[in-house]
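Asks: fold the following.
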Amino acid sequence: LMHTLLQRENEELSHAFITKMASTDAYQVTTLSVTDAMLTKYNLQRLNDPLLNLVVLDSELAMARNIEDAQESERIDIQRVVPWLPKVFQSILAKIYLNKESLESSLEHSQQAVRRLHEAGVPIVLGSDTVYVPWALYSFHGYSTLREIELLGEAGLQPMEVIKAATRNAAEMLGLENDIGTVEVGKRADLIVLNDNPLKNLQAFRTIKWTIQNGIAHTPKEWISQ
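Replies: Just a heads-up that it's a prediction; the model follows:
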């Protein structure tokens, strides 16, 4: 399942739903970074992250820093959801659902829902839903996956469980566990080498030394320059 976790107050997942999920072979793909990204407009300093500036085009960052583009992005997002509603009411909806407090509450409740599903035995798969569309102004390819890792850790999952969500669980969900997902002889050599230990702190994924794809290793800067 995807996009089931845009939770708000008084919209908690029911015990019956969680029990049903746990009794099936369903996976929960998380997209916490979608809501987290929308909070960027209330703290544009986040766009100064050195890693973000390494992996994102200057033109994308320039657009994200432009408050007029941010307001237009918000307008398009609301119009996409309720195109039949008069613009004056669309503006009211934006103030109600896209304000800082509402987004923070939604993210917190979504994280709680992920944790409850995980505790019930539902396999969690890390996702980001990053797409290049006007209303996803602050969702950046690659970087959003890193944020998803950190947000899952903040939700209460242990580091190893977060790593499994990004690797083994994802491979099993796609039926590709014989090719990828774990480090084993005969599997595809897609790996990353970190300077720090992610089992101690998930922010270690910000310290990538080498990215290895099909056995070819480069530093992040070398991959970006290609």
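
Asks: quick one, helices of the chain?
Replies: With DSSP state H as the criterion, the chain has helices at 15-22, 32-38, 50-55, 58-65, 67-81, 87-97, 100-119, 143-155, 159-166, 168-174, 220-225.

Asks: between helix 143-155 and the biggest strand by length in the chain, find me the angle.
Replies: Longest strand of the chain, by residue count under DSSP state E: strand 208-213. Using axes from the mean of the first three to the mean of the last three CA atoms, to 10 degrees, the direction of strand 208-213 lies 120 degrees away from that of helix 143-155.

Asks: for strand 208-213, give the mean pLDDT please.
Replies: Strand 208-213 shows a mean pLDDT of 92.

Asks: give the pairing partners of it; include direction for each.
Replies: Looking at strand 208-213 with DSSP bridges, its partner strands are strand 191-194 (antiparallel), strand 216-218 (antiparallel).

Asks: got those strands as CSV, with mean neighbour count columns?
Replies: Glycine gets a C-beta too; all of them are placed from N, C-alpha and C. As requested, those are exported to CSV (neighbours: other CB atoms under 10 Å):
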stretch, mean neighbour count
strand 191-194, 13
strand 216-218, 13
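
Asks: what about this structure, any weak spots by pLDDT?
Replies: Within the chain, the segments meeting pLDDT under 70 span 1-10, 90, 93-94, 96, 131-135.

Asks: one step back: JSON lines for the strands paired with strand 208-213, including distance to Leu44?
Replies: Output for the strands paired with strand 208-213, formatted as JSON lines (distance: least, CB to CB, whole Å):
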{"stretch": "strand 191-194", "distance to Leu44": "28"}
{"stretch": "strand 216-218", "distance to Leu44": "31"}
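
Asks: tell me which of the ones you listed lies nearest to Val29.
Replies: strand 191-194 (20.9 Å; CB to CB).

Asks: who touches that closest one?
Replies: With CB atoms under 8 Å, 6 or more residues apart in numbering as the test, strand 191-194 has contacts from 183, 204-205, 207-212, 217.

Asks: now, which of these sits nearest Lys41?
Replies: Phe205 (24.5 Å).

Asks: distance of that closest one from Ile78?
Replies: Per CB to CB, to the nearest Å, Phe205 is found 33 Å from Ile78.

Asks: now Gln28
Replies: 27 Å.

Asks: likewise for Leu32?
Replies: With distances taken as CB to CB, Leu32 is found 21 Å from Ile78.

Asks: which of the two has more neighbours?
Replies: Higher neighbour count among Leu32 and Ile78: Leu32, with 28 against 21, using other CB atoms under 10 Å.

Asks: find the residue closest to the more buried one in space, skipping its chain neighbours.
Replies: Leu151 (4.2 Å; CB to CB, 6 or more residues apart in numbering).

Asks: quick one on the thing from earlier: so which of the strands paired with strand 208-213 is nearest Ala113?
Replies: Taking CB to CB, strand 191-194 is the member of these nearest to Ala113, at 28.6 Å.

Asks: how far does that closest one sit from the chain's center?
Replies: Averaging C-alpha positions (CA atoms, centre = their mean, to the nearest Å) puts strand 191-194 20 Å from its chain's average.

Asks: could you do stretch 55-68 as well?
Replies: So, by CA atoms, centre = their mean, the centroid of stretch 55-68 is 19 Å from its chain's centroid.

Asks: how about stretch 49-67?
Replies: Computed by CA atoms, centre = their mean, the chain-centroid distance of stretch 49-67 equals 17 Å.

Asks: got the CA coordinates for it in CSV?
Replies: Extracted in CSV, the C-alpha atoms of stretch 49-67 (Å, rounded to 0.1, in the frame of the first residue of the first chain):
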residue,chain,number,x,y,z
ASP,A,49,22.2,21.7,2.9
PRO,A,50,25.6,20.9,1.3
LEU,A,51,24.5,17.5,0.2
LEU,A,52,21.3,18.9,-1.3
ASN,A,53,23.4,21.4,-3.3
LEU,A,54,25.7,18.6,-4.5
VAL,A,55,22.9,16.4,-6.0
VAL,A,56,20.3,18.9,-7.2
LEU,A,57,20.5,21.2,-10.2
ASP,A,58,21.1,24.9,-9.5
SER,A,59,18.0,25.7,-11.6
GLU,A,60,15.8,23.6,-9.3
LEU,A,61,17.2,25.1,-6.2
ALA,A,62,16.7,28.6,-7.5
MET,A,63,13.1,27.9,-8.2
ALA,A,64,12.6,26.4,-4.8
ARG,A,65,14.1,29.5,-3.2
ASN,A,66,11.7,31.8,-5.0
ILE,A,67,8.7,32.5,-2.8
